[in-house]
Every structure is written in structure tokens, then in C-alpha cells.
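Participant: from the sequence below, what's the structure:
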Amino acid sequence: MRNKVKSKPLSYSIKDSIIEAEQRIRRHVRETPLEYSKMYSRLTGANVYFKLENLQYTGSFKVRGAFSKLLTLSEKQLKRGVVAASSGNHGLAVAYVLHEMNIPGVVFVPEAAPPSQVEKIRDYGVEVQYAGIDTIVSGNYARRYANKHHMEFISPYNDVDVVGGQGTIAIELMHQIDHIDALFVPIGGGALISGIAGYLRTASPDTEVIGCLPENSPVMAESVKAGRVMELDITPTLSNSTNSILERDSITFDMCRALIRDYILVTEEEIKAAMVGFMESQHMLVEGSTGVAIAAFLKRQQQFQNKNVVILACGANIDRETLGLVVCNR
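Facilitator: You can find the predicted model right below:
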């Protein structure tokens with residue numbers, strides 16, 4: 001799906017925000033490996049690399065954005081504490097940063113949040129409150145709670161400092177490989193791809209950054225196509241972390257309109273097959289979002305013969321139920 005909507009230039013430099021974020025967070029996060037895959041390279045005829053953010057602290061890239069945001073807050077703001085809403089990687093990342101920085105905070109989760117994820121958040125000594133049937137309701141409740149108690153709400157994507165933190169992955173990539181022809185990045189709320197593409201736009205303008213989404217949750221791609229943030233009915237997907245609904249004022253929508261030209265949608269069967277292939281060849285766990293990016297690349301592999309391709313392996317936090325669906329129902 002090509003982005004045919006005429007985009008507006010961004011009113012500020014994302015690259016500058018990312019450079020500043022990298023200076024803030026560099027001693028708090030891992031520089032994750034860029035690993036060459038012999039199997040995928042042989043299979044596809046491309047030179048395939050995986051950026052292993054599944055090896056990042058808390059098992060996902062989200063800790064970059066959480067550190068980036070919290071390290072901008074004043075001492076007064078930090079004492080008041082912060083609020084987040086997520087039963088997934090964002091909630092876990094914020095909890096980790098709160099623990100590391102000794103900051104009070106609350107993470108709101110939906111009533112049906114997986115107990116294993118809730119326990120991971122609590123393991124960092126962070127208060128968890130249940131609110132609503134889904135992340136939309138719990139997110140709205142968290143914002144009201146933050147306003148009432150004069151605390152800072154930490155958005156998973158709709159914040160320039162969070163986008164800047166996620167974009168620090170691009171700085172690492174530029175130190176790890178001489179040239180990237182194509183970079184496949186899964187999209188949920190869009191902070192990850194916006195940050196990466198925002199930096200590479202000038203640092204590596206020939207690199208094509210491709211957005212990858214499940215067919216069951218194509219919100220960003222359909223919104224860009226329509227030229228406005230869309231409210232779509234989304235269905236369950238193996239890629240839980242990309243199962244997002246965009247806020248109407250999402251800064252990442254404008255960023256994706258300006259920065260991303262191509263979007264690829266993949267089916268649940270394609271995601272499942274890609275996850276199994278990665279786990280068998282690379283011998284490590286990944287969640288569904290990585291499967292989305294791999295499946296998207298495999299759909300377009302003929303376009304990248306002898307090209308350098310990087311795929312974002314952005315998380316490892318797969319629950320037992322989902323893992324069972326992937327490996328047992330093949």
C-alpha cells in the first residue's frame with residue numbers, strides 16, 4: 001500500500017529530538033545487537049539482518065521511550081509521580097524506569113489484562129490499578145487520574161520525547177552497518193517507525209523505511225490512506241503490541257504521513273509462520289510484532305535481491321497462551 005496522500009512537512013526536526021534523546025538515555029539502555037541471518041539471507045537472496053530489541057531491558061524497545069520521557073521531567077514532576085496505561089510492553093517499560101529512578105507511579109491495566117503481565121509490572125514495585133474492559137478505557141481513566149493528582153501521564157506513542165527515545169535505534173544502526181537499503185518496522189501507535197524514519201530521513205536518505213501491520217489492525221495505514229485518523233473496528237491478532245487505536249491528535253499520524261511511503265499488511269497465518277521461522281532459525285523468543293515485520297519482508301523479498309535488509313525484532317514478551325497458539329497449531 002503506497003502512501004499517495006500529499007504530506008505536509010513536519011514543523012520541527014525529529015532528528016534533533018532523537019539526538020538529544022540518545023544523549024539522555026545512552027547509559028540506561030542496551031545497544032542491542034544487529035545480527036546477520038544466514039538462513040533468511042539464503043532463503044530470500046537478500047542480506048538480512050535483525051535488530052534485536054527483543055534483547056533490550058524488559059524485553060522490548062519501549063524502555064527507550066520511557067527513559068527518554070522521564071529524564072526530561074523536573075524534580076518537582078518526578079516527586080509527584082507518573083501514570084501510564086498498558087498491560088503490555090509500555091506498562092512494563094514505565095514500571096522498570098520508575099524502579100530504576102526511584103519514582104512513584106501507577107500503571108493502569110484493563111480488567112482482562114493477562115495476570116503474567118500484571119505480575120511483571122508489580123515485580124518492579126509499581127502500583128497497578130484495574131480500569132475498564134480495554135486499553136482505551138483504562139487509558140482515559142489514567143489520564144483523568146493523572147490530572148486529578150497532578151501527575152505526569154506517559155503516552156506510549158503520542159509524545160515527541162517518547163518518539164525521540166524509540167528513534168535512538170536508528171543511531172545505533174548507523175554505527176552497526178554501512179548501508180541499509182530497506183528497513184521493515186512494525187506499526188502500532190507509530191512512535192517506533194516515526195522515530196527511526198525521522199532520523200534516517202537525513203542520516204540515510206536512500207534507506208526505504210517500510211511500515212508493517214496486521215490485516216486485523218491496519219489503523220495507521222488506513223488513516224494515512226484516508227488523510228485523517230480513522231476509527232476502525234479491529235480484531236484480535238497475534239501481534240498484540242500493534243493492536244492500536246490512534247488518538248485524534250496523534251503526532252505520529254502526521255509523522256507517518258510525512259515519512260513513510262509504503263505499508264504492507266499481513267495475515268495471521270503469515271505472522272504465525274514468520275514467528276515460527278524466526279524462533280527455529282534464530283533460537284530466541286519473539287512476539288507477534290516481529291512476525292509482522294518478517295512476514296511483510298517475505299511478501300516483498302523479490303524486490304530486495306542482493307540488498308541490505310534490516311528487520312526490527314522489537315520484543316520478546318509473548319505470553320504462554322499466544323506461544324501455544326503459534327507453535328502447537330501449525
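Participant: quick one: the helices in the protein?
Facilitator: For the chain, the helices defined by DSSP state H occupy 14-25, 38-44, 62-70, 75-80, 89-101, 115-122, 135-148, 160-176, 191-203, 219-226, 251-259, 268-282, 288-299, 320-328.
Participant: buried residues in the fifth one?
Facilitator: When burial is assessed from 16 or more other Cβ atoms under 10 Å, helix 89-101 yields the following buried residues: Asn89, His90, Gly91, Leu92, Ala93, Val94, Ala95, Tyr96, Val97, Leu98, Met101. For glycine as for every other residue, the C-beta is placed from the backbone atoms N, C-alpha and C.
Participant: deepest in the core, which of the helices of the chain is it.
Facilitator: By mean neighbour count, with neighbours taken as mean count of other Cβ atoms under 10 Å, helix 62-70 ranks first of the helices of the chain at a mean of 30.
Participant: which other residues reach that helix?
Facilitator: Under the contact criterion Cβ atoms under 8 Å, 6 or more residues apart in numbering, helix 62-70 has outside partners 21, 24-25, 28-29, 56-57, 78, 82, 89-90, 92-94, 96-98, 101, 103, 154, 156, 159, 161-166, 168-169, 191, 315.
Participant: how near is the residue nearest in space to the middle of the chain to Glu111?
Facilitator: Ranked by distance to the mean C-alpha position of the chain (Cα atoms, centre = their mean), the top residue is Leu192 at 4.7 Å. Going from Leu192 to Glu111 by Cβ to Cβ, to the nearest Å gives 27 Å.
Participant: try Ala203
Facilitator: For Ala203, the distance to Glu111 - Cβ to Cβ - is 43 Å.
Participant: leaving out chain neighbours, which residue sits closest to the residue nearest to the centre of the chain?
Facilitator: In space, and not counting its chain neighbours, Leu192 is closest to Gln166: 4.6 Å by Cβ to Cβ, 6 or more residues apart in numbering.
Participant: which non-adjacent residue is nearest Tyr36?
Facilitator: Of all residues not flanking Tyr36 in the chain, Tyr49 sits nearest, at 5.4 Å (Cβ to Cβ, 6+ apart).
Participant: over to Gly165?
Facilitator: Spatial nearest neighbour of Gly165, chain neighbours left out: Ser68 (2.8 Å); criterion: Cβ to Cβ, 6+ apart.
Participant: wait, Gly315 sits on Ala93?
Facilitator: No - assessed by Cβ atoms under 8 Å, Gly315 is found out of contact with Ala93, at 10.2 Å.
Participant: shared neighbours, these two?
Facilitator: Residues within reach of Gly315 and of Ala93 at once, by Cβ under 8 Å, 6+ apart, are Ser60, Lys62.
Participant: pLDDT at the residue lying closest to Leu323 once chain neighbours are set aside, what is it?
Facilitator: Distances taken as Cβ to Cβ, 6+ apart put Leu285 closest to Leu323, at 7.6 Å, once the chain neighbours are dropped. Note for Leu285: predicted pLDDT of 92.
Participant: mind listing what Leu285 touches?
Facilitator: Leu285 touches Asn54, Met279, Ala316, Ile318, Leu323, counting by Cβ under 8 Å, 6+ apart.
Participant: do that again at 10 Å, thanks
Facilitator: Asn54, Gly59, Met275, Phe278, Met279, Ala313, Gly315, Ala316, Asn317, Ile318, Leu323 (Cβ atoms under 10 Å, 6 or more residues apart in numbering).
Participant: out of these, which is nearest to Gly45?
Facilitator: Checking these against Gly45 with Cβ to Cβ, the nearest one is Phe278 at 18.1 Å.
Participant: now do that closest one, the pLDDT please.
Facilitator: Looking at Phe278, the pLDDT reads 96.
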